[in-house]
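# Pasted the sequence and its predicted model underneath.
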Amino acid sequence: MFARGLEDRAATIAFEAPPERSSWRVATQLMPGASPLEFSAPNLQYLMDSPAEFGPVAIQQFAVDGRTFRFAAHHTGSTGELETLVKDVEKIVRAQRAIFGEYPVYEPGTYTFLADYLPYADGDGMEHRNSTVVTSSASIASNRLGLLRTVAHEFFHNWNVERIRPRSLEPFDFEQANMSAELWLAEGFTQYYGPVTLSRAGLEDVATTATTLGDLVASVTLSRGYRLRSAEEMSRMAPFTDGGRPMDRTNWSISYISYYPFGGAIALALDLTLRQRFDGVSLDDLMRAMWRDYGKPGGSRPGYVDRPYTLADVEARLAEITRSPDFARDFFQKYIDGHEVADYAPLLDASGFVLRRVRPGRAWIGALTYEPGHHGVQVDSATGPDTPAYAAGIDRGDEITQFGGRDVSSESQILTVLQAHRPGETLPIVISDRAGARRSTTISLVEDPSIEVVPVEQTGRRLSAAQEAFRRRWLAEQP
């Protein structure tokens with residue numbers, strides 16, 4: 001709750017410990033006050049952006065390049081587990097500094113990680129100007145790498161979005177939805193740099209990194225969504241898809257791609273393209289240029305960004321680092337404004353990664369979900385165009401009663417039939433639609449399109465010297 005016209009008024013917040021809880025501590029990015037339990041915010045923007053945890057938190061801290069970082073954890077593990085985790089957090093913090101060349105100025109004097117690893121917590125991560133909240137129901141011992149992945153993503157945001165911020169989100173409007181066409185960069189590029197950071201910090205092996213990058217590629221290339229909405233348009237969908245709300249029963253499952261993996265796949269393509277076409281240039285250079293011109297100048301008031309960027313600014317910085325306005329314009333026209341997807345196989349090959357089918361030779365009719373029906377198996381998902389199910393006229397709500405000449409009543413029975421046949425074969429199928437009408441038709445099987453990225457060493461081939469050098473420059477630990 002706030003009053004219009006008082007947005008720039010400072011606020012003071014005092015915490016009061018419950019009885020017999022005198023050991024409770026406050027962890028927050030709010031400005032320190034006159035006592036350990038008193039804090040302040042200079043304006044509404046900063047106040048609304050400042051989470052606080054008041055409770056039995058364990059706080060550890062470390063310093064890098066004159067900056068102090070605090071890790072405040074509420075968890076069920078041991079002190080030793082937390083200490084080891086924080087050492088790895090420091091590796092992430094150092095690896096990301098190497099990308100931008102420096103840390104931001106943290107107005108309260110510290111940057112704070114607010115971590116809740118508790119059985120009753122939901123898994124999430126949220127960036128703030130001088131802090132982040134990272135939560136999980138997993139413990140440090142049970143999901144250490146998963147927790148570090150969230151840390152890597154959220155800490156990258158203290159440059160990208162919290163300070164390198166699109167004009168569409170500055171200042172943030174608390175009275176209506178904030179629609180932005182730049183989330184493919186704000187979130188998507190951050191999604192890409194998470195696994196890259198873990199690799200460079202020595203916390204994730206090359207095979208694990210390859211799996212994560214393969215997921216980014218698959219999320220875009222296997223979806224029809226990019227043909228319907230550009231990266232900009234997917235970004236503008238955020239008010240309709242975010243906030244933990246479930247997708248309604250539309251065709252979004254086959255027409256929408258989250259700007260997280262969409263932007264991550266774009267970042268991967270751009271980084272590899274820059275490294276192959278422009279000597280000594282990488283996506284790191286673009287991020288440093290964005291930091292120099294739009295993030296580092298800061299704001300005249302804490303919580304504000306004085307030089308937010310536009311899409312034209314991003315294109316201009318890309319033209320600057322490549323010294324090729326034509327390349328920058330072409331890339332934006334194809335992959336940001338347009339509806340093209342990069343050819344990832346040759347881009348990945350330069351670094352010794354192979355893009356391949358996960359289940360070659362396996363028959364497939366579409367990425368469908370099912371539930372029990374009255375007389376057979378009911379299709380519970382939209383059927384994507386360009387799939388055998390769609391061509392056969394199958395729609396959400398239809399029941400498949402016979403498949404390949406067999407009565408079926410479960411998904412496992414459909415999968416059993418598919419495993420007995422090969423791509424290119426045609427099978428008889430009986431469908432009962434939502435009105436109860438039965439019809440017989442045929443369905444033509446195709447090869448399962450699922451893809452993955454693996455190191456070339458896992459395919460029986462040798463990693464060449466050129467591929468090894470490229471991979472090292474890209475993903476190895478940074479000095």
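Ah, there it is.

# Output the below-cut-off pLDDT ranges for the protein.
243-249, 478-479 (pLDDT under 70).

# tell me the domain ranges of it?
The record's domain parsing of the chain by automatic domain parsing lists 11-158, 183-358+452-475, 363-447.

# For M1, find the nearest of those domains.
M1 sits nearest to domain 11-158 of all these, at 10.8 Å, using C-beta to C-beta. (Each C-beta comes from the backbone N, C-alpha and C, glycine too.)

# List the residues that contact T68.
Residues in contact with T68 (C-beta atoms under 8 Å, 6 or more residues apart in numbering) are Q61, F62, Y106, G109, T110, Y111.

# Give me the contacts around stretch 90-99.
62, 64-65, 69, 103, 148, 151-152, 155-156, 159, 193, 197-198, 200-203, 284, 287-288, 477-479.

# among those residues, which are in strands?
F62, V64, F69 (DSSP state E).

# From T383, how far off is the last one?
When you say that, I think you mean F69. 49 Å (C-beta to C-beta, to the nearest Å).

# Ok, the first one next?
Relative to T383, F62 is positioned 52 Å away (criterion: C-beta to C-beta).

# Looking at these two, which one has more neighbours?
When F62 and T383 are compared for neighbours, T383 comes out ahead with 23 against 15, by other C-beta atoms under 10 Å.

# Helix or strand for the more buried one, just tell me which one.
Using DSSP states H and E, T383 falls within no helix or strand.

# Could you tell me which residues make contact with it?
I254, G366, L368, A389, Y390, I394, D395, R396.

# quick one: the strands in the stretch 101-250 of the chain?
Per DSSP state E, counting those that start in this stretch, the stretch 101-250 of the chain carries strands over the ranges 110-117, 124-127, 131-136.

# can you put these in JSON lines and add distance to E232?
Conversion of these to JSON lines gives the following (distance: least, C-beta to C-beta, whole Å):
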{"stretch": "strand 110-117", "distance to E232": "31"}
{"stretch": "strand 124-127", "distance to E232": "22"}
{"stretch": "strand 131-136", "distance to E232": "27"}
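
# do you know which of those lies nearest R224?
That would be strand 124-127 among the strands of the stretch 101-250 of the chain, by C-beta to C-beta, at 29.0 Å.

# Name the residues that touch the closest one?
With C-beta under 8 Å, 6+ apart as the test, strand 124-127 has contacts from 51, 132-135, 150-151, 153-154, 157-158, 161-162.

# Restricting to C-alpha, output the longest helix along the chain in CSV.
Counting by DSSP state H, the longest helix found in the chain is helix 79-100. In CSV, the C-alpha atoms belonging to helix 79-100 read as follows (Å, rounded to 0.1, in the frame of the first residue of the first chain):
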residue,chain,number,x,y,z
THR,A,79,27.5,-25.6,9.3
GLY,A,80,30.1,-27.5,7.3
GLU,A,81,27.7,-28.0,4.4
LEU,A,82,26.9,-24.3,4.4
GLU,A,83,30.6,-23.3,4.5
THR,A,84,31.4,-25.5,1.6
LEU,A,85,28.4,-24.2,-0.4
VAL,A,86,29.4,-20.6,0.2
LYS,A,87,33.0,-21.3,-1.0
ASP,A,88,31.4,-22.4,-4.3
VAL,A,89,29.1,-19.3,-4.3
GLU,A,90,32.3,-17.3,-4.1
LYS,A,91,33.6,-19.1,-7.2
ILE,A,92,30.5,-18.1,-9.1
VAL,A,93,30.8,-14.5,-7.9
ARG,A,94,34.4,-14.3,-9.1
ALA,A,95,33.6,-16.0,-12.5
GLN,A,96,30.8,-13.5,-13.3
ARG,A,97,33.1,-10.6,-12.4
ALA,A,98,35.4,-11.8,-15.1
ILE,A,99,32.6,-11.3,-17.6
PHE,A,100,31.9,-7.7,-16.8
